[in-house]
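# mind folding the following:
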Amino acid sequence: MPTYQRLRLVLLSLVLVSVTALVYRWHSTNDQPLRPLTTPAEQQQQQQQSAIQPASYDRNDPRIAKVLDNIDQKYCGGPCRFMLPVFIMEQESKAQMHFRQLAFMAGMLNRTIVLPNVGGSRLGACLEHDFTFYYSKAWAHDNAEHFSHISLDKFSAWVKERKAVGFPSTSQTFHVHLSADHKQIGETNNCFAPLMDSTGWPDKSIYLHDSGNVRRRKKYQKIFYDFFTEKEEHRVDSDNAPEVMSVYYDRRFPFIQHPASEEPIPYNERITNMADELATSLSPYLAVHWRTERAEPAEALVGCAESLGELIKDRSGQLGLTTQPTFFLLTDYPHIFDPSFVDQAVKDNTTDTLKKTEGEAGFVPASASFSPDSLTIYHHRAIHYLYSNFQVTVTSLESDMTDTTKSPANWTVLPVSKDLANHDSGVLGIIDKLMAIRADLFIAGKPGVCARRSSFTGRIVDERIARRIEELKDTQQWMDDDSIEEWTDYSRKGSGRMKNIIEYFEL
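The predicted model follows:
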């Protein structure tokens, strides 16, 4: 065979082999078994499952370890271990006490507490405003020896950065409840859950009877510590604890055995300055806290109002105030309302008129837990008596004061600006509390007789006792707690001079 024919045959053979190889490669990489089409619902479920699947990685891989360590170093010095208060039961006075329990517990667990957001007198990770909207920046720094902290904004950035690099932080949800027979309140969703990996970390719950007895609660600190540190038996990896403890907390009394945890969190300077200005403008003044929500029997409210009126007259005379004294009222009764509706309801001795015109009358209680439907004719008659006989001063959000010309003649509403409160009713509660702490005289409804027992009143009493103790330290005088609470000294002349701790009005 001639040489050129042999060469031609070789070239054709090479072309044939190349084509065969290319065809084989195409089939091996593109041929896939046929699958049935999925429904839209199945496709959505598959997308959700793929979105939460954690990245599989080995921390021993130096490249991965370096990435994660750099992120942790950036936000907490590393390795990051957080406690996130997702939901805290009760309103501000008690909610901040519960948060202090979690902060000190986080310190014991060698975890960093995430400062929760605030809003509407609540504390929780998914609320509207930053922690410093209510509280002083100094508090967490001043307690650095007890726990480390991080702002929610920085925690959010850490979580998102971990998610962005494909290695979401691990999270486990902890539910701290009252006893199992207690009706549990519905919990809000964790807005950070989609950014974290809870695969293999089942929710944990503890049900523990709460007690007002301090001695019984002494063992609770260890019980909760063990609850948070208990190892997951099904996990055999070296890191047997989640990076984030997402906590839902529903308790009533403290359990931490450390005096520093009992100190209230100071409010931010903008709020305290506002309270100082209002107190100076009213001084000297009386402050009255009257929680009428679910007062039983409601019929007693009218007699309690009359009793309060007599007490105000007596104490005002001893203070040398006017015959028709002004007093600052802290109440869950609506702060802004049309008196014509109340006057008519009192005249008719029924709330039918109010119910028919509820939208127009705008009766909205100042407490989020107080339903408008719970306002009885006795609530209206009691408040009607007060503003008919005394000059009453209350606070309100400036944004709610659309028409104050309809307010009772003796009912003065002090506006709290949008710049300070930003439509948040929780700021009003804080200002009211600070005003009561600064008052010359403080009066409240007798629990179980004219009002419900209130932690709000208790916080005011605690602050006034602390204020009195500081005064006694200066004069080298001392009293026990019982005598301090009953203490009254009307000889202490001058506005701004506290003349009692608390006095109760009753039937």
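# for the spatially most central residue of the chain, what are its contacts?
The C-alpha lying nearest the average C-alpha coordinate of the chain belongs to L123 (CA atoms, centre = their mean; 1.5 Å). Shown in contact with L123 (CB atoms under 8 Å, 6 or more residues apart in numbering): 85, 88, 92, 95-96, 98-99, 116-117. For glycine as for every other residue, the C-beta is placed from the backbone atoms N, C-alpha and C.
# in space, what's closest to V364 - neighbours in sequence excluded?
Leaving out its chain neighbours, the residue that sits closest to V364 by CB to CB, 6 or more residues apart in numbering is P334, at 5.5 Å.
# A strand includes the residue nearest to the centre of the chain, no?
Yes. Assessed with DSSP: H, G, I helix; E, B strand; the rest coil, L123 lies in a strand.
# before we move on, back to that, ok, which pair from the contacts of L123 is furthest apart?
Pairwise distances across the contacts of L123 (CB to CB) peak at 15.0 Å, for the pair H98 and N117.
# and the gap between the residue nearest to the centre of the chain and P85?
7 Å (CB to CB, to the nearest Å).
# which residues are in contact with both of these two?
Contacts common to L123 and P85, judged by CB under 8 Å, 6+ apart, are 99, 116.
# mind listing what's buried along the helix or strand harbouring I64?
Using DSSP states H and E, I64 sits within helix 62-75. Applying a neighbour-count criterion of 16 or more other CB atoms under 10 Å, one finds 64, 67-68, 71-72, 75 buried in helix 62-75.
# what lies in contact with that helix?
Contact with helix 62-75 is made by 57-59, 78-80, 150, 154-155, 157-158, 161-162, 165, 167, as judged by CB under 8 Å, 6+ apart.
# what subset of those is buried?
Among the contacts of helix 62-75, those buried by neighbour count (16+ other CB under 10 Å) are 80, 150, 155, 158, 161-162, 167.
# and the residues you listed, which is closest to K499?
Distances from K499 to the buried ones among the contacts of helix 62-75, taken as CB to CB, are shortest for I150 (43.7 Å).
# now that closest one, what's its secondary structure?
strand.
# isn't it right up against L84?
No. Taking contacts as CB atoms under 8 Å, I150 lies outside contact range of L84: 9.8 Å.
# mind listing the shared neighbours of these two?
Common neighbours of I150 and L84 (criterion: CB under 8 Å, 6+ apart): V114.
# any idea which helix or strand in this structure has the lowest mean pLDDT?
Ranking every helix and strand in the chain by mean pLDDT, DSSP states H and E puts helix 40-52 at the bottom, with a mean of 44.
# still on that earlier bit, can you name the residues bridging to the residue nearest to the centre of the chain?
Beta bridges link L123 to V118, judged by DSSP bridges.
# what pLDDT is listed against it?
On pLDDT, L123 comes in at 97.
# ok, L178 to K94 distance?
Distance, L178 to K94, using CB to CB: 13 Å.
# between those two, which contacts overlap?
Any residue near both L178 and K94 by CB under 8 Å, 6+ apart counts here, and that gives R252.
# who's more crowded, those two?
Remark: of L178 and K94, K94 carries more neighbours, 21 against 17, as counted by other CB atoms under 10 Å.
# leaving out chain neighbours, which residue sits closest to that one?
Nearest non-adjacent residue to K94, counting by CB to CB, 6+ apart: S455, 4.7 Å away.
# next one, pLDDT for that neighbour please.
Looking at S455, its pLDDT reads 83.
# contacts only, for it.
Contacts of S455 by CB under 8 Å, 6+ apart are 90, 93-94, 97.
# domain assignment for this structure?
Following automatic domain parsing, one gets these domains for the chain: 62-262, 269-505.
# chain center to the shortest one: distance?
Relative to its parent chain, domain 62-262 has a centroid offset of 13 Å by CA atoms, centre = their mean, to the nearest Å.
# quick check: Q318 touching R492?
No. Contact criterion CB under 8 Å: Q318 and R492 do not qualify, at 11.3 Å.
# with only the CA atoms kept, save stretch 375-393 in CSV.
Once non-C-alpha atoms are left out, stretch 375-393 reads as follows in CSV (Å, rounded to 0.1, in the frame of the first residue of the first chain):
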residue,chain,number,x,y,z
LEU,A,375,-64.1,49.6,80.5
THR,A,376,-67.2,49.7,82.6
ILE,A,377,-69.5,52.5,83.7
TYR,A,378,-67.7,52.4,87.0
HIS,A,379,-64.4,53.2,85.4
HIS,A,380,-66.0,56.2,83.7
ARG,A,381,-67.8,57.4,86.9
ALA,A,382,-64.5,57.2,88.9
ILE,A,383,-62.5,59.3,86.4
HIS,A,384,-65.4,61.6,85.9
TYR,A,385,-65.4,62.3,89.7
LEU,A,386,-61.7,63.1,89.6
TYR,A,387,-61.7,65.6,86.7
SER,A,388,-64.8,67.2,88.1
ASN,A,389,-63.2,68.0,91.4
PHE,A,390,-59.4,68.3,90.7
GLN,A,391,-56.9,69.5,88.2
VAL,A,392,-55.5,66.3,86.6
THR,A,393,-52.3,66.1,84.6
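# buried stuff in that stretch?
For stretch 375-393, burial by neighbour count (16+ other CB under 10 Å) applies to 375-387, 390, 392-393.
# pLDDT averaged over stretch 346-359 - what is it?
Rounded mean pLDDT across stretch 346-359 is 65.
# from S156, how far off is the residue nearest to K94?
Distance from S455 to S156, by CB to CB: 30 Å.
# same question for T188.
Applying CB to CB, the value for T188 to S156 is 17 Å.
# between these two, who's got more neighbours?
Neighbours were counted for T188 and for S156 using other CB under 10 Å; S156 has more, 16 against 13.
# next one: phi and psi at the nearest residue to S307 once chain neighbours are set aside?
Once flanking residues are discounted, S307 sits nearest to F505: 5.0 Å by CB to CB, 6+ apart. The phi/psi pair for F505 (degrees, to the nearest 10) reads phi -100, psi 140.
# what about F505, how many residues nearby?
Residues near F505, counting by other CB under 10 Å, number 22.
# could you do Y504 as well?
Counted with other CB under 10 Å, the neighbours of Y504 add up to 16.
# so it, which of the three states?
Three-state assignment for Y504 (three-state DSSP): strand.
# next up, the contacts around it.
Going by CB under 8 Å, 6+ apart, Y504 touches 443-447, 450.
# now do V288
V288 touches 308, 312, 327-331, 442-444, counting by CB under 8 Å, 6+ apart.
# is it in a bridge, and if so with what?
With DSSP bridges as the criterion, the beta-bridge partners of V288 are L329, I443.
# just the local confidence number for it, please.
Reported pLDDT for V288: 97.
# try the one 5 residues further on
What the model reports as pLDDT for E293 is 84.
# the residue nearest to it when sequence neighbours are not counted: neighbouring residues, count only.
Distances taken as CB to CB, 6+ apart place F370 nearest to E293, at 4.4 Å, with adjacent residues excluded. By other CB under 10 Å, 19 other residues sit near F370.
# wasn't F370 part of a helix?
No. With three-state DSSP as the criterion, F370 is assigned coil and is not in a helix.
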